[in-house]
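A.B. asks: how would this look folded up:
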Amino acid sequence: MLVHTVIFWLKENLTEDQRAIFSDEVNTLGEIGSVESFHFGTPAPTPKRPVVEDSYDCAITVILKDMAAHDDYQADPIHLAFVDKCKDMWERVVIYDAD
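C.D. replies: As a prediction, this is how the structure comes out:
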């Protein structure tokens with residue numbers, strides 16, 4: 001199993017319509033055939049602690065069977081279209097991959 005977590009910091013000047021477009025587009029990633037499980041969310045209102053990073057706008061967690069499924073996910077036309085349509089909407093992206 002491979003857990004692919006992507007953290008997004010969106011540009012501050014995005015309109016609500018642009019944020020809605022981003023949300024719609026990011027959710028298409030869950031439709032990719034190699035995805036076993038997909039979750040899209042925003043920072044939870046957990047108590048503030050020094051170890052909690054909550055400055056981001058949203059994140060996805062994608063569960064994939066193995067590295068081959070990860071590679072298929074990265075090359076999938078849905079993923080490529082998402083990046084192409086939304087890459088100008090984020091200020092920063094950080095990815096954590098764990099097996």
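A.B. asks: quick one, strands of the protein?
C.D. replies: 2-10, 35-41, 58-64, 90-98 (DSSP state E).
A.B. asks: residue nearest the centroid of this protein?
C.D. replies: Nearest residue to the geometric centre of the chain (CA atoms, centre = their mean): Ile60, 3.5 Å.
A.B. asks: who are the packing partners of the helix ranked longest in the chain?
C.D. replies: Longest helix in the chain by number of residues (criterion: DSSP state H): helix 16-27. Packing partners of helix 16-27 (3 or more CB pairs under 8 Å, 6 or more residues apart in numbering; DSSP states H and E): strand 2-10, strand 35-41, strand 58-64, helix 77-86. Every residue, glycine included, has its C-beta placed from N, CA and C.
A.B. asks: next, the buried residues of it.
C.D. replies: Phe22, Glu25, Val26 (16 or more other CB atoms under 10 Å).
A.B. asks: low pLDDT regions in this structure?
C.D. replies: Within the chain, not a single segment meets pLDDT under 70.
A.B. asks: so Cys58 bridges to which residues?
C.D. replies: Beta bridges link Cys58 to Phe8 when assigned by DSSP bridges.
A.B. asks: I should have written Phe40 there, sorry.
C.D. replies: Beta-bridge partners of Phe40, as defined by DSSP bridges: Ile60.
A.B. asks: so it sits against Val62, correct?
C.D. replies: No. With contact defined as CB atoms under 8 Å, Phe40 does not count as touching Val62 (9.6 Å).
A.B. asks: quick one, which of these two is more surrounded?
C.D. replies: Using other CB atoms under 10 Å as the criterion, Phe40 and Val62 rank with Val62 on top: 24 against 16.
A.B. asks: neighbours of the closest residue to that one other than its chain neighbours, how many?
C.D. replies: Distances taken as CB to CB, 6 or more residues apart in numbering put His4 closest to Val62, at 4.3 Å, once the chain neighbours are dropped. By the criterion of other CB under 10 Å, His4 has 20 neighbours.
A.B. asks: wait, His4 touches Lys65, no?
C.D. replies: No. If you go by CB under 8 Å, His4 and Lys65 don't touch, sitting 11.5 Å apart.
A.B. asks: about what we covered before: now distance to Gln18 too, for the strands of the chain, in TSV please.
C.D. replies: Formatted as TSV, the strands of the chain follow (distance: least, CB to CB, whole Å):
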stretch	distance to Gln18
strand 2-10	9
strand 35-41	16
strand 58-64	13
strand 90-98	11
